[in-house]
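>>> Fold the following.
(one chain, ligands or ions: 1)
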Amino acid sequence: MTQLRRFAYVITLLLAGGTLAAQPSFDQYFTAEKKFLQLPVKNGAPKRNLEIWKDGVRVRFFDMELAEGTPDWYAYLDISAWKGKSLEIRVDKLPKEAKAFRPILQSDEDVLEGTPYAEQFRGQFHFSPKRGWMNDPNGLSYYKGQYHLFYQHNPYGREWGNMTWGHAVSKDMIHWKEIGDAIHPDGYGPMFSGSAIVDSQNTSGFGKPGDPALVMFFTGATCWCQGLAWTNDGVHFNKLDRAAVPRINKDNRDPKVFWYEPGKHWVMLFWVEREGGLHTQQFLRSDNLKDWTPTSIVKGGTGNDRYLFECPDFFELPVDGNPANKKWVLSAANTMYAIGRFDGNTFTPEEERLLGQFGRDYYAAQTISNDPTGRRIEIGWWRTNTAKENMNFNQSMSIPMELKLVTTPDGIRMTRTPVKELQSLRSKTLITGVRTLTEKTVNPLKDIKEDGLEIQATLEPGKARQVTIQVNGLDLVYDVVAQQLRVDGLKATLPLQKGQLQLTIYVDRTGMEIFGNNGLVFMPVNKNLTTKELSVTAKGGKARFTQLDVYSLQTAWQ
Ligand code: FRU
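Below you'll find the predicted structure:
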């Protein structure tokens, strides 16, 4: 090292917050006495690596923005499984004067237990974790009397990292209860996205006849292999001691598994990157969920053309409700999809690159397996602007939506419509019935001041050139001449059907989800809505709402 470089190195160390000697690692033994270890977080603080060791084994490892002084919030690490045992905590680079872990705090109570999830920027009927970052939904399923929503969770910070499967359960997909993280990073790596199925015929042997296991598939993001975990009660989880599918090529991730009834075998598909950055979906089959044979590949876009990139979903739906005419749908993270045929091994697309949404930041959606009502219901990650102030959580899920295939003048298309269970959130009918609008009409919605709303509207624009519904600060404009719906810089072509436009709108604090013409257009708009005002206006002529129903929605948090 030259003198100059040595000097630059020392300066860099000093700028980084002190000399190496001032940043010793911190190790300490303690006995697990209570349910949780409390980890102090300061949003934006430098990241430290933490490890928890037990009996010479590293049982947890993660990084976090460790608070060295007053924390913004505490992350809660469940240590109840090790009660009475000696644990060791190792932290790298902690300044001597830092208060973190002096003393080590444990607690039997989660301070937020029973509090109402009522923070200013928290959606009131969109699932978000009590604490930490969340992205993709994982393992959506119905098992032993309840819906299970697992999700990509960072339990220790409100930005992406430490991917762990968080876990919430619900009787109706609307009212969720978070019940603690299900599967944690291990030697395979962080636990990336995947799916879950109920092994009704016990093909894996993980359950018992008549008492099936819920089997989950995830990606280990160090081995880039597909791992398997299962549960027999929906609360305790086991992992297979080997990869179910070893790495195939480069990045491999996000396994989706389902039962193919005609062939009586399981099918898995996941994203595999090929040479030149080609996105492909790799299909495999299995009889026992543990051993898999590759069958075929579907090619998508390349590089930034993200058709069929990440997070696939694949399912069969009747066209126009006709069970004798079914088609398969293949979609991936950005919701672009293909419609076609499937013989148990190979998917043959008939229409490709169809657009699944016209909104913003709806991603990595997944459908629920084993829905008891036989519907195909989807929930997606809705990137919301929730990392505000000293909040301790970030990101949201969409509302649950039912998927259908319908015939349109352009061909067969998939629709999304809010599930009927959402109606249980209606607390008051604020306005209902028929309304005629001219440029002089007094705003019929002027007294409505709510942050949770459902709007059901059928508009006959008649001679009007433009009709605007203003919702809590966002203008939803229907341009009658261009037959186009516009909001917040987003737009979608939405032709009138027999002179009418049907709209369903769900409004929460984090934005709104708009459904046009019974779900042919799905437009999620992520924007924190801080004003409470509603209006409808028509320009250029008389317009009529043959239906204008507005409901206030109550919180789904219990
Ligand atoms: C999509 C994704 C997945 C991956 C996960 C990691 O949002 O990138 O492909 O499994 O997130 O959190």
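
>>> what residues does the helix or strand encompassing residue 380 touch?
Per DSSP states H and E, residue 380 falls inside strand 377-382. Strand 377-382 is contacted from outside by 126-127, 134-137, 140, 149, 151-152, 173, 313, 335, 361-368, 371, 395-403, 416, 419, 510-511, 524, 526, using Cβ atoms under 8 Å, 6 or more residues apart in numbering. (C-beta placed from N, C-alpha, C; glycine too.)

>>> Sort out which of those residues are in strands and list them.
134-137, 140, 149, 151-152, 313, 362-367, 396-397, 401-403, 416, 511, 524, 526 (DSSP state E).

>>> coming back round to it: ok, and which of the contacts of strand 377-382 reach the ligand?
135-136, 152, 363-364 (Cβ under 6 Å from any ligand atom).

>>> who's in contact with the closest residue to residue 223 other than its chain neighbours?
Nearest residue to residue 223, sequence neighbours excluded (Cβ to Cβ, 6 or more residues apart in numbering): residue 188, at 4.9 Å. Neighbour list for residue 188: 220-223, 225, 227, 243 [criterion: Cβ under 8 Å, 6+ apart].

>>> Just the buried ones out of those, please.
By neighbour count, with 16 or more other Cβ atoms under 10 Å, those hold 220-221, 225, 227, 243 as buried.

>>> Which ones among the contacts of residue 188 map onto strands?
220, 225, 227.

>>> Pipe those residues into JSON lines and attach distance to residue 69 and pLDDT per row.
Conversion of these to JSON lines gives the following (distance: Cβ to Cβ, whole Å; pLDDT from 0 to 100):
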{"residue": "220", "distance to residue 69": "36", "pLDDT": "98"}
{"residue": "225", "distance to residue 69": "41", "pLDDT": "97"}
{"residue": "227", "distance to residue 69": "39", "pLDDT": "98"}
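
>>> Would you mind listing what in this structure touches the ligand?
Going by Cβ under 6 Å from any ligand atom, the residues of the chain near the ligand are 135-136, 152, 163, 192-193, 219, 253-254, 310-311, 333, 363-364.

>>> Can you give me the domain assignment for this protein?
3-107, 132-418, 424-553 (automatic domain parsing).

>>> Run the chain-centre distance for the last one.
Mean C-alpha position of domain 424-553 versus that of the full chain (Cα atoms, centre = their mean, to the nearest Å) differs by 26 Å.

>>> How far does that domain stretch from one end to the other?
9 Å (Cα to Cα, to the nearest Å).

>>> weakest of the domains of the chain by average pLDDT?
Note on the domains of the chain: domain 3-107 shows the lowest mean pLDDT, a mean of 83.

>>> got the contact list for residue 165?
Per Cβ under 8 Å, 6+ apart, neighbours of residue 165: 138-139, 150-153, 181-183, 191, 216, 218.

>>> returning to what we had before: greatest separation within the ones next to the ligand among the contacts of strand 377-382: which pair is it?
Greatest spatial distance among those (Cβ to Cβ): 152 and 363, at 11.1 Å.

>>> With just CA atoms, put stretch 49-68 into CSV.
Extracted C-alpha coordinates of stretch 49-68, given in CSV (Å, rounded to 0.1, in the frame of the first residue of the first chain):
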residue,chain,number,x,y,z
ASN,A,49,-25.3,-8.2,11.3
LEU,A,50,-26.8,-10.1,14.1
GLU,A,51,-26.7,-13.8,14.9
ILE,A,52,-28.4,-15.9,17.6
TRP,A,53,-26.6,-19.1,18.5
LYS,A,54,-27.9,-22.0,20.6
ASP,A,55,-25.8,-25.1,21.6
GLY,A,56,-23.2,-24.2,19.0
VAL,A,57,-25.8,-23.8,16.2
ARG,A,58,-26.6,-20.5,14.5
VAL,A,59,-30.4,-20.5,14.8
ARG,A,60,-31.2,-17.0,13.4
PHE,A,61,-29.1,-14.6,11.4
PHE,A,62,-30.2,-11.2,9.9
ASP,A,63,-29.2,-7.7,9.5
MET,A,64,-31.0,-4.7,11.0
GLU,A,65,-30.8,-1.0,11.5
LEU,A,66,-29.9,-1.4,15.2
ALA,A,67,-30.7,1.6,17.4
GLU,A,68,-27.7,2.7,19.3
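
>>> sorry, back to before: from the contacts of residue 165, which is closest to the ligand?
Nearest to the ligand among the contacts of residue 165, counting by Cβ to the nearest ligand atom, is residue 152 at 4.2 Å.

>>> Pull the number of nearby residues for the nearest residue to that closest one once chain neighbours are set aside.
Excluding its sequence neighbours, the residue lying closest to residue 152 (Cβ to Cβ, 6+ apart) is residue 135, at 4.2 Å. By other Cβ atoms under 10 Å, the residues close to residue 135 number 21.

>>> Without its sequence neighbours, what residue ends up closest to the residue of the stretch 451-558 of the chain found nearest the ligand?
Proximity of the stretch 451-558 of the chain to the ligand (Cβ to the nearest ligand atom) peaks at residue 526, 15.1 Å away. Nearest residue to residue 526 in three dimensions, chain neighbours excluded: residue 511, at 4.3 Å (Cβ to Cβ, 6+ apart).

>>> quick one: the most centrally placed residue in the chain and residue 247, what's the gap?
For the chain, the residue sitting closest to the mean C-alpha position, by Cα atoms, centre = their mean, is residue 381 at 2.8 Å. Going from residue 381 to residue 247 by Cβ to Cβ, to the nearest Å gives 25 Å.

>>> residues in contact with the closest residue in space to residue 148 that isn't next to it in sequence?
Excluding the flanking residues, the one nearest residue 148 by Cβ to Cβ, 6+ apart is residue 141, at 5.1 Å. Residues in contact with residue 141 (Cβ under 8 Å, 6+ apart) are 147-148, 195-198, 214, 368-370.

>>> measure residue 141 to residue 193 for me?
14 Å.

>>> Ok, residue 556 next?
From residue 556 over to residue 193 the distance is 24 Å, taken as Cβ to Cβ.

>>> Who has more neighbours out of these two?
A direct count of neighbours by other Cβ under 10 Å for residue 556 and residue 193 places residue 193 higher, at 30 against 23.

>>> how about the domains of the chain in a markdown table, adding distance to residue 117?
Shown next, in a markdown table, are the domains of the chain (distance: least, Cβ to Cβ, whole Å):
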| stretch | distance to residue 117 |
| --- | --- |
| domain 3-107 | 14 |
| domain 132-418 | 9 |
| domain 424-553 | 11 |
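
>>> can I assume residue 497 is in contact with residue 520?
No. Using Cβ atoms under 8 Å, residue 497 is not in contact with residue 520; the gap is 9.0 Å.

>>> what about these two, which has more around it?
The neighbour count for residue 497 versus residue 520, taken as other Cβ under 10 Å, is higher for residue 520 (21 against 12).

>>> beta partners of the closest residue in space to the more buried one that isn't next to it in sequence?
Of all residues not flanking residue 520 in the chain, residue 415 sits nearest, at 5.5 Å (Cβ to Cβ, 6+ apart). Bridge pairing for residue 415 (DSSP bridges) gives the partners residue 404.

>>> Pull the contacting residues for the residue nearest to residue 145 when sequence neighbours are not counted.
Spatial nearest neighbour of residue 145, chain neighbours left out: residue 171 (7.6 Å); criterion: Cβ to Cβ, 6+ apart. Neighbour list for residue 171: 145-147 [criterion: Cβ under 8 Å, 6+ apart].
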